[in-house]
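**Q** just to be clear, the model below is a prediction. Sequence and coordinates:
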Amino acid sequence: MEVQTAQHHQRRKLLLEAEALRRRRRQSERESLLCYIKRIWPWFVIEEIHVLIAGYLEALARGELDRLMIFMPPRSGKSMLASVAFTSWYIGHFPARKIIQASYAAELAVGFGRQVRGLVGESIYQETFPGVLLTPDNQAAGRWATSHGGEYYAVGVHGGQAGRGFHLGVVDDPLSEQDADSDSAKKFVREAWWGPGFYTRRQPEASAILMMTTRWAKDDLPGHLLELGKNNRNADQWTVLSVPALLDDAAAGKLNKVTKNNLLAAMPGGKPVLYRAGHSFAPRRWPLKELRRQKANISQRSWDALYQQNPVQDEGVILKRAWWQRWPAELPGVTCDEVIQIYDTAFEEEEENDFSARTTWGIFRHHSERKLERRCCILLEAWHDRVDFAALRKEAIRSYKDGMRSVSNGGWGGVDRVLIEKKASGHSLLQELRRTGIPVRAVVFAKGKSKLARAYAAQVVLEQECVFYGSDTVAGPVIDECADFPFGKHDDWADTCVDAWLYLRNKYHLGLKDEPSDEDDIQPPPSRPLG
């Protein structure tokens, strides 16, 4: 009898321990998205990239973030993780909330809906989130409801959304690869679908938006929204998680912070991965050899957009990024023979939203490795802003009289000449600055000379490695805009660069030996000594 009692107590103890273990496991699955994923998909190989994504998604669910963009290479598991696993996990926590899943094609969005519905209907889901059920009378793949009153609705960007609202909006690729170069398609997504459509469906008391897409162009929907947030503090401020296939230092650092998670798959030798710039973002799924193979078999633009999260234009190759020269830190500062400022002003009727822009250049003598002396220029300062004419005038006077008198930037001080293109509000600015005694001249181009033709004429200066910069902070945005020309969203800084390089080329006769002169481009003023 005592033996039976002892066995009974032992069985009861084991059952209680097993039940406690199940409760702890269910609790961990409710608290951790990755634990939940291991429960529903035991086959899913978790890497550091998934730990990183999951951390951001959990913050979105907790309300610590409300606007999240994720940019990752293809076949990284981000859609499975976010559009399927996270959405079903979110429903478990908030079964009374409404969700809209959107994609460029309704079939894609409905496919995600079918997978989420399948997970919610499984018995293992009920173990983690007991009582969260599908209503029997509303279970279409792209349109279904929960027993708590929550709703799920899948829609393509060309589908109707009237009458639907969301607490969680998931946007997975709103623009297809086929429409990546279509200005009308990008405009439709930005101006017809998002603003007056999808965005108006959010519930004002609580709305989170998750967006995942390939950055094919800088004027796509994410680029548009990020620009809005940058220029208007009242607009949505987005958190961006962007990880390139071949890591940069920032992405490698983020991945190294999550390498100790105990759900990570074991690497050979049992050692955690130490990520560095140039390594694969997901070495178990995407070995470095496979990434290199992928890069070799697709266009550079596709690689940059799909795998490196860097939207560029195929045609933006006139003013190449690689031709800019960094001034060596070990060399003394530049002594300039002449300092010029170039303005590009807005305020034509069709340019009411454009920037007014300025770049400041020092022109100096430089000895090449072959000890040949040539004239070069270095970017000293750059400014742009959307300002009215009064503010533009004030900024131009301030820049000339105050900021440009400093000798802290490589020993140059005082602006010798201000050049303003004679167009738009440039006419008025020329007149105003002349009244103040500033040495200002109009930049006049040959009749019929297009921006593209002038850029090609100025290209030789950049190509011959005559254009330098010292500060990444100053030069970075200018170099980016020049590299995007003529297909970038803005070209104001690029225009000032072209003007400066044409000034240098024509005044100092810089050009190829067998190239005819192009004196019709810019008529520069006579030179005068510095100071």
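**A** The structure has been received and is ready for your questions. All of these numbers come straight from a predicted model, not from anything done at the bench.

**Q** every contact and neighbour count from this point should use C-alpha atoms.
**A** Will do.

**Q** in the record's domain split, what are the boundaries for the chain?
**A** Per the record, the chain has its domains at 1-31, 44-256, 321-507, by automatic domain parsing.

**Q** how about these in JSON lines, adding distance to L288, mean neighbour count and mean pLDDT?
**A** Putting the domains of the chain into JSON lines (distance: least, CA to CA, whole Å; neighbours: other CA atoms under 10 Å; pLDDT from 0 to 100) gives the following:
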{"stretch": "domain 1-31", "distance to L288": "32", "mean neighbour count": "13", "mean pLDDT": "67"}
{"stretch": "domain 44-256", "distance to L288": "8", "mean neighbour count": "18", "mean pLDDT": "89"}
{"stretch": "domain 321-507", "distance to L288": "25", "mean neighbour count": "18", "mean pLDDT": "81"}
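
**Q** ok, which of those domains comes nearest P311?
**A** With distances scored as CA to CA, the stretch of those nearest to P311 is domain 44-256 (4.8 Å).

**Q** centre of the chain to that closest one, how far?
**A** For domain 44-256, the gap between its own C-alpha mean and the chain's C-alpha mean amounts to 17 Å (CA atoms, centre = their mean, to the nearest Å).

**Q** quick one: terminal-to-terminal distance for it?
**A** Between the opening and closing residues of domain 44-256 there is a gap of 21 Å (CA to CA, to the nearest Å).

**Q** which residues touch the residue positioned nearest the centre of the chain?
**A** The chain has G223 as the residue nearest its centroid, 6.4 Å off, counting by CA atoms, centre = their mean. If a contact means CA atoms under 8 Å, 6 or more residues apart in numbering, then G223 has A217 as its contacts.

**Q** can I have the helix or strand harbouring it written out in PDB, keeping just the CAs?
**A** G223 belongs to helix 221-231 when assigned by DSSP states H and E. Taking Å, rounded to 0.1, in the frame of the first residue of the first chain, the C-alpha atoms of helix 221-231 are listed here in PDB:
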ATOM      1  CA  LEU A 221       6.600  55.500 -50.700                       C
ATOM      2  CA  PRO A 222       9.100  55.000 -47.900                       C
ATOM      3  CA  GLY A 223      11.300  57.700 -49.300                       C
ATOM      4  CA  HIS A 224       8.300  60.100 -49.500                       C
ATOM      5  CA  LEU A 225       7.300  59.300 -45.900                       C
ATOM      6  CA  LEU A 226      10.800  59.700 -44.500                       C
ATOM      7  CA  GLU A 227      11.100  63.000 -46.300                       C
ATOM      8  CA  LEU A 228       7.800  64.200 -44.800                       C
ATOM      9  CA  GLY A 229       9.000  63.300 -41.300                       C
ATOM     10  CA  LYS A 230      12.300  65.100 -41.900                       C
ATOM     11  CA  ASN A 231      10.600  68.300 -43.000                       C
END
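
**Q** name the next helix or strand downstream of that helix, please.
**A** The element immediately downstream of helix 221-231 (helix or strand, assigned by DSSP H and E) is strand 239-242.

**Q** list the strands paired with that following strand, with their directions.
**A** Using DSSP bridges, the neighbouring strands of strand 239-242 in the sheet come out as strand 67-71 (parallel).

**Q** nice, that's everything, thank you.
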